[in-house]
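Peer 1: Sequence and computational prediction follow.
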Amino acid sequence: MHIRKHLIFGLIFASTAALASPPLVAIDVGHGGADGGATSARGRSEFSFNREFAGVLAGTMRDRGLGVREVNFAGDIGSLAARPVQAAGSDFFIAVHHDSIGEAWLKPWIWEGLEQTYTDVKRGYGIFVSAQNPDQETSLRCASSMGAMLRRAGFEPSAWHGRKHLAADAENGVWYFDNLVVLCKTTLPAVLFEAGVIKHRDEEIELADPARQARMADALTTGMAACLFVTGKSAQE
């Protein structure tokens, strides 16, 4: 398993290095400012999870030879439409988020003296694409590639999204979210990545684990690099 993984890395990143310049990936930290996003089972803001994992992902991509453009890492971009503008000139856009669940599926509990809410029924990652994206083909190909590598690394997609979204590649955890601003109001191929469900008490702890974050970032980076090499595009060419 480890030998095969190293061979995959060697082929992908040797090929990527052979390009005139490496692909440039814009990584957007979801939420920020007055909008902290969802609240975890233990009261932590989604934005803090997003920013932490986006930092790990950015470091991993740079280590693997990809270019990175940081978007909203300071949490100071309030407008959703402004995020794709900040990413313009990149080869790919990925928005980093963590998931929650509807109020009807939440249960109360007490954590450190404060009443919080949690769920037992939903966990797992999700990857979203838009049929209205100007490069739907690349968006879907990269989403499926990332999902396949996540599954190979032992991560499980959530089937819960099938309640509201059409499947793009359900096996690899990819779903359509056509009207999402960061996916359809951009000139770039794009995905929105939900790393997991922070309302699930066990998964919340897992999502904060540095070793797990590194493994997830590694899988995402491998899948994205494979896809972008096939596409053969570089914003800096």
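Peer 2: Good, I have the coordinates. Numbering: from 1, shown residues only.
Peer 1: residue ranges of the helices in the protein, please?
Peer 2: Ranges of helices within the chain are 2-17, 46-63, 82-87, 136-152, 181-184, 201-207, 210-231, based on DSSP state H.
Peer 1: With mean neighbour count and mean pLDDT added, can I get those helices in CSV?
Peer 2: (C-beta placed from N, C-alpha, C; glycine too.) Shown next, in CSV, are those (neighbours: other Cβ atoms under 10 Å; pLDDT from 0 to 100):
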stretch, mean neighbour count, mean pLDDT
helix 2-17, 13, 49
helix 46-63, 20, 98
helix 82-87, 20, 95
helix 136-152, 22, 98
helix 181-184, 21, 96
helix 201-207, 18, 98
helix 210-231, 21, 94
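Peer 1: Out of the ones you listed, flag the one nearest residue 71.
Peer 2: helix 82-87 (4.7 Å; Cβ to Cβ).
Peer 1: Run the chain-centre distance for the closest one.
Peer 2: Helix 82-87 sits 16 Å away from the centroid of its parent chain (Cα atoms, centre = their mean, to the nearest Å).
Peer 1: Which strands or helices does that helix pack on?
Peer 2: Other elements packing on helix 82-87 under the criterion 3 or more Cβ pairs under 8 Å, 6 or more residues apart in numbering; DSSP states H and E are strand 24-29, strand 67-71, strand 92-99, helix 181-184.
Peer 1: Tell me which of the ones you listed is the most buried.
Peer 2: Highest mean neighbour count of the helices and strands packed on helix 82-87: strand 92-99, a mean of 27 (counted as mean count of other Cβ atoms under 10 Å).
Peer 1: can you redo the helices and strands packed on helix 82-87 as a markdown table with distance to residue 109?
Peer 2: Converted to a markdown table, the helices and strands packed on helix 82-87 look like this (distance: least, Cβ to Cβ, whole Å):
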| stretch | distance to residue 109 |
| --- | --- |
| strand 24-29 | 28 |
| strand 67-71 | 35 |
| strand 92-99 | 19 |
| helix 181-184 | 33 |
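Peer 1: do you know which of these lies nearest residue 193?
Peer 2: Closest approach to residue 193 among those is made by strand 92-99 (5.7 Å; Cβ to Cβ).
Peer 1: which ones are touching the residue most central in space within the chain?
Peer 2: The residue lying closest to the centre of the chain (Cα atoms, centre = their mean) is residue 193, at 2.7 Å. Contacts for residue 193 were tallied using Cβ atoms under 8 Å, 6 or more residues apart in numbering; they are 94, 95, 96, 97, 125, 126, 127, 128, 146, 220.
Peer 1: what bridges to it?
Peer 2: Beta-bridge pairing of residue 193, defined through DSSP bridges, involves residue 96, residue 127.
Peer 1: hey, what's the closest residue in space to residue 69 that isn't next to it in sequence bridged with?
Peer 2: Leaving aside its chain neighbours, residue 69 sits nearest to residue 26 (4.4 Å; criterion: Cβ to Cβ, 6 or more residues apart in numbering). Counting by DSSP bridges, residue 26 is bridged to residue 69, residue 93.
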